[in-house]
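Asker: here is my input, please return the structure:
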Amino acid sequence: MTTSNKLNTESYKGVRDFYPEDMAIQKHIFNTMQKTAERFGYIEYSASVLEPAELYRAKSGEEIINEQTYTFTDRGDREVTLRPEMTPTVARMVAARKRELPFPLRWYSIPNLFRYEKPQRGRLREHWQLNVDIFGIESHNAEVEIILIASATIRAFGLENSDFTIRINSRKVVNYVLREIFFFDEQTAYKLSKLIDKKNKMKEEEFNQMISEITGSKGAEFLTILNSKNLDEYISHLPAHARGHQSIQEIQEVIQKLDFLGVTNVSFDQTLMRGFDYYTGIVFEAFDNHPDNRRALLGGGRYDDLLSIFGGEKVPTVGFGMGDVTVRDMLETYNLLPAYQSSAVLAICPTDESAVPFSNEIAQRLREENINVAVDYSDKKIGDKMKIVDKQKIPFAICVGKNEISSGKYLLKHMITRKEKEVTEADIIRAIKGDE
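Answerer: Residues are numbered from 1 along each chain as shown. I've put the predicted structure just below:
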């Protein structure tokens, strides 16, 4: 092969290669997510990355299919999509076995997802996402539990309540204000909801002008409500008959219950919409307060109607998603990335080829004691072998040669402290396990 024909070593744009150091961080992220979800009694599920395109066209929104998915026609002339999100998939799975499943269901997964969009900080074309959903609970105890898990997950990574804010709104409130107070028709209400969802990504003047163009003479009054600083001010701008509306009371109830449980960093945000069309009630997101990472860390809400697209009755559902790219950025921002360490705890370095069989015997016995051991079979000098052990972040090392084989004693070196001590094979086990 000529030089001009060599393949590029770079990965596809917007996806990542995971070298061991990266994989260790990914494993830490997944383990933290799993442990937190399971602490609340949630169980893991999974599914294929391939789904019929119609599944997303039906409920995620046309924008997702037309602009943001990897959609193609397979050899059977079926339109297929690499899943851009997990919620429609889990809804399909639950609907398929609805009569057999013991509701309420508490399910979680960490699938990889694909979106064709411009790669940027916190957003790539492939990522993994924690999805946590509770099915079958109509009361707002479901929202409280899901938001509680979302908060607990962030704190499990090392953040405090003061580091992030949980923003909450309700599609019911939005729809009530748009349709019953301002009497916008369905098309106008939909345009406004989509515009409100983009408010924080637009300049204020541009946003206000677009609102005025859509709402006409009602623009000033609508913007007054939309620019409220908190829930009390928002309610005060509503007509007297609307201030006790059920949707308002639902938000107040959820905030109060969360506060009682120690989640004191919740605030009402009337501009929070969440982009997907399937949300039917309360929506929320956790927002990082750090000046270097001011962005949403996770988001979710109630979607009671989604399962009905598969036929049959609706199933009340609340859930949230939290992406691994966003989490890694968060950990970097707060200097919370875990230090890398090899899966091997001990490196055995034979001094020459004749010492390899004995080194393998020791390694096997230590592995039976649940100690992870790597044997260096290279023909490098011992000094070079120890440098490699150091670079590989293996915490302990011994060398094995004729003297060690005959005496049964080894010099155990701790690669971090650089301390050495003479040990027997039994001492190796005690020293390593005691150090852990």
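Asker: rounded mean pLDDT for the longest strand seen in the chain, please.
Answerer: The longest strand of the chain (DSSP state E) is strand 126-135. Across strand 126-135, pLDDT averages out at 97.
Asker: that strand: partners in the sheet, and parallel or antiparallel?
Answerer: Take DSSP bridges as the rule and strand 126-135 pairs in its sheet with strand 105-109 (antiparallel), strand 112-114 (antiparallel), strand 317-323 (antiparallel).
Asker: okay, helices next: where are they in the stretch 251-400 of the chain?
Answerer: 324-333, 356-368, 382-391 (DSSP state H, counting those that start in this stretch).
Asker: other SSEs contacting the last one?
Answerer: Packed against helix 382-391, as judged by 3 or more CB pairs under 8 Å, 6 or more residues apart in numbering; DSSP states H and E, are the following elements: strand 346-350, strand 396-400. Placement of C-beta: from N, CA and C, glycine included.
Asker: what's the lengthiest helix in the chain packed up against?
Answerer: Ranked by number of residues, the top helix in the chain under DSSP state H is helix 20-39. Where contact means 3+ CB pairs under 8 Å, 6+ apart, helix 20-39 is packed against strand 43-44, strand 105-109, strand 126-135, helix 141-156, helix 324-333.
Asker: turn the ones you listed into CSV, columns for mean neighbour count and distance to I394.
Answerer: Listed next are these as CSV, based on neighbours: other CB atoms under 10 Å; distance: least, CB to CB, whole Å:
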stretch, mean neighbour count, distance to I394
strand 43-44, 11, 31
strand 105-109, 20, 33
strand 126-135, 22, 28
helix 141-156, 22, 28
helix 324-333, 20, 24
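Asker: so can I have CSV of the ones you listed showing distance to E180?
Answerer: Formatted as CSV, the helices and strands packed on helix 20-39 follow (distance: least, CB to CB, whole Å):
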stretch, distance to E180
strand 43-44, 40
strand 105-109, 33
strand 126-135, 29
helix 141-156, 22
helix 324-333, 36
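Asker: wait, which of these is closest to Q249?
Answerer: helix 141-156 (13.1 Å; CB to CB).
Asker: and the helix or strand just after that closest one, how far out from the chain middle?
Answerer: Using DSSP states H and E, the helix or strand that follows helix 141-156 in sequence is strand 164-170. Computed by CA atoms, centre = their mean, to the nearest Å, the chain-centroid distance of strand 164-170 equals 17 Å.
Asker: which intervals of this protein have sub-threshold pLDDT?
Answerer: Scanning the chain with the threshold set as pLDDT under 70 gives 1-4, 59-64, 275-276, 435-436.
Asker: mind splitting the chain into its structural domains?
Answerer: Annotated domains of the chain cover 20-333, 346-435 [automatic domain parsing].
Asker: buried deepest among these, which one?
Answerer: domain 20-333 (a mean of 17; mean count of other CB atoms under 10 Å).
Asker: was I right to think S162 contacts N265?
Answerer: Yes: S162 lies in contact with N265 (CB atoms under 8 Å); the separation is 7.0 Å.
Asker: A strand includes E422, no?
Answerer: Yes: the assignment for E422 (DSSP: H, G, I helix; E, B strand; the rest coil) places it in a strand.
Asker: got the contact list for the closest residue to it other than its chain neighbours?
Answerer: Of all residues beyond its chain neighbours, the one nearest E422 is K409 (5.5 Å), with distances taken as CB to CB, 6 or more residues apart in numbering. The contact partners of K409, taken as CB atoms under 8 Å, 6 or more residues apart in numbering, are 422-424.
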